[in-house]
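J.: give me a model of this one.
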Amino acid sequence: MANKIPAVSIIIAMYNAQRYVDDCLQSLLHQTFDDYEILLVDDCSTDQSVELAKSLADKFDGRLQLLKTKRNSGTPGLPRNLALKSARGKYITFFDSDDLLTKTALEEIYNLAEQFDAEVVHAEKYFEMPDGTNEIFPRTFQNPPFVNEPTLETEDLGDRVERFTQKKFLWWACNKFFRRDFLIKNNIKFPNMTSFEDLIFLFCCLIRSKNYLRVPNIFYIYRTRNDSLSHGGRHPLEVATNLTEAVKVMDSFMGSMQFFIQNPKFRYMALDYFIQSRINIISHGLYTRTQPYEVDDILRRRIFNSNPKENIPLLAYLFSNANVRRLQLEMQQREIERLKKLLAQSQSK
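T.: Below is the predicted model of the structure:
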């Protein structure tokens, strides 16, 4: 089995998952489809995760390969890139070490990929399992409409970008299939950053692929946990500082394509959506755990310390965003003062 070229390479990034890795691997062991290899990449775990995985290795008849990063990367992207170098399957799928697959998951998605000659198979929904339970609920964080049958995306890149900005795609690498030769040909891999790596990876796949297949199948079971894959929640300022690098990566990718050179409106449409949506997502943590303007100041310093010409879209957004926030806070403060005066007058009477 070990020398046979597998149909699917399952790449699993693992960090301190001793409570979950047995369930994870058991869900793969009991698949109705067994033409796969597993590349399990340990990101320098400090618990018994590796030992537990090794104890199950024999059950996979040589299909389980254990890899290890040189040091904890703090992100699943780097372990996944390491495994991509060793993967042999026709298709690649990513999997987190605390999650599960439905019993027929690999069989369903592999057959659809083959039937439609898909470079990417995009599941729009997933199951959510609260930690400590066996209950699952269908979930998604993309906007409708959803497909009712396997559907190939239009090849109109402008349409794809517009729907990207309307949140019509589920930007998560784990419940997808990718053809390995497609990733290699287009040099698509996870960017070296601790935030936004899935979104950028999927955006590159969406723009580069010809046969991008959306399916209604729900096969991935995401276990909700209080801590993240690598080392728990990151400080909002760490996430914020990643934003400048993420914008550069996205802009560089689009700048290398003739479509975006000839249609700059779509280039800036994608960047504007990315900037605004990411800031909106992290803004609650940013503006409750830091001083109100600290985030904007840090991001501006990051921009000017690197190369402002390369970050004009982000700089323009931050300038506008900072002024809007200052105006909102000033208005709120005036309203608070007005209400205080009314309260004082009422109490005096």
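
J.: where in the stretch 201-349 of the chain is pLDDT low?
T.: Low-confidence segments of the stretch 201-349 of the chain (pLDDT under 70): 226-240, 279-326.

J.: where along it do the strands fall?
T.: Per DSSP state E, counting those that start in this stretch, the stretch 201-349 of the chain carries strands over the ranges 212-215, 220-224.

J.: and those strands as JSON lines, adding mean neighbour count?
T.: Yep, even glycine has a C-beta here, placed from its N, CA and C like the rest. Formatted as JSON lines, the strands of the stretch 201-349 of the chain follow (neighbours: other C-beta atoms under 10 Å):
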{"stretch": "strand 212-215", "mean neighbour count": "22"}
{"stretch": "strand 220-224", "mean neighbour count": "19"}
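
J.: which of the ones you listed sits closest to P76?
T.: strand 220-224 (13.4 Å; C-beta to C-beta).

J.: how far does the closest one sit from its chain's centre?
T.: Distance of strand 220-224 from its chain centroid, counting by C-alpha atoms, centre = their mean, to the nearest Å, is 14 Å.

J.: tell me the strands beside it, with direction?
T.: Strand 220-224 pairs in its sheet with strand 100-101 (antiparallel), strand 126-130 (parallel), by DSSP bridges.

J.: most tightly surrounded among these?
T.: Of the strands paired with strand 220-224, the one with the most neighbours on average (mean count of other C-beta atoms under 10 Å) is strand 100-101, at a mean of 23.

J.: buried residues in stretch 159-166?
T.: Buried residues in stretch 159-166, defined by neighbour count with 16 or more other C-beta atoms under 10 Å: 160-161, 163-165.

J.: what is the nearest of those to I5?
T.: Taking C-beta to C-beta as the measure, I5 sits nearest to R160 out of these, at 31.9 Å.

J.: secondary structure element holding that closest one?
T.: Using DSSP states H and E, R160 maps to helix 157-165.

J.: and that helix, how far out from the chain middle?
T.: Distance, centroid of helix 157-165 to centroid of chain: 18 Å (C-alpha atoms, centre = their mean).

J.: quick one: list the elements packing against it.
T.: Here helix 157-165 touches helix 197-208, helix 264-289, going by 3 or more C-beta pairs under 8 Å, 6 or more residues apart in numbering; DSSP states H and E.

J.: could you point out the helix or strand that follows that helix?
T.: Following helix 157-165 in sequence, per DSSP H and E, is strand 176-179.

J.: mind checking the end-to-end distance for stretch 83-103?
T.: Terminal residues of stretch 83-103 are spaced 24 Å apart (C-alpha to C-alpha, to the nearest Å).

J.: return the set of buried residues in it.
T.: 83-84, 87, 89-102.

J.: can you add distance to S195 and give the strands paired with strand 220-224 back as JSON lines?
T.: Shown next, in JSON lines, are the strands paired with strand 220-224 (distance: least, C-beta to C-beta, whole Å):
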{"stretch": "strand 100-101", "distance to S195": "25"}
{"stretch": "strand 126-130", "distance to S195": "20"}
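
J.: so can I have CSV of these showing mean pLDDT?
T.: Below are the strands paired with strand 220-224 laid out as CSV (pLDDT from 0 to 100):
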stretch, mean pLDDT
strand 100-101, 96
strand 126-130, 94
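
J.: hmm, V249 is touching I200, no?
T.: Yes. In this structure V249 lies within contact range of I200 using C-beta atoms under 8 Å: 5.8 Å.

J.: who has more neighbours, those two?
T.: I200 (22 against 18; other C-beta atoms under 10 Å).

J.: thinking again about what came up before, mind checking which of the strands of the stretch 201-349 of the chain is nearest G132?
T.: Each of the strands of the stretch 201-349 of the chain has some distance to G132 by C-beta to C-beta; the shortest is strand 220-224, at 9.3 Å.

J.: what's in contact with the closest one?
T.: 20, 27, 96, 98-102, 105, 123, 126-131, 136, 139, 174-175 (C-beta atoms under 8 Å, 6 or more residues apart in numbering).

J.: ditto for stretch 90-98
T.: 5-15, 17, 19-21, 24, 28, 40, 49, 76, 80, 84, 101, 106, 109-110, 113, 173-174, 176-181, 183, 222-223, 225, 229.

J.: now that stretch: how far from the chain's centre is it?
T.: The answer for stretch 90-98 is 13 Å, by C-alpha atoms, centre = their mean.

J.: rewinding a little: looking at the buried residues of stretch 159-166, which is nearest L213?
T.: Scanning the buried residues of stretch 159-166 for proximity to L213, where the rule is C-beta to C-beta, the winner is R160, at 13.3 Å.

J.: doesn't K168 make contact with the closest one?
T.: No. Using C-beta under 8 Å, R160 makes no contact with K168, being 9.1 Å away.

J.: any idea which helix or strand carries L28?
T.: Judged by DSSP H and E, L28 forms part of helix 21-29.

J.: buried residues of that helix, list them for me.
T.: 21, 24-25, 27-28.

J.: for D96, see how far away the nearest residue to P130 once chain neighbours are set aside is.
T.: Leaving aside its chain neighbours, P130 sits nearest to T224 (5.3 Å; criterion: C-beta to C-beta, 6 or more residues apart in numbering). As judged by C-beta to C-beta, to the nearest Å, T224 and D96 stand 12 Å apart.
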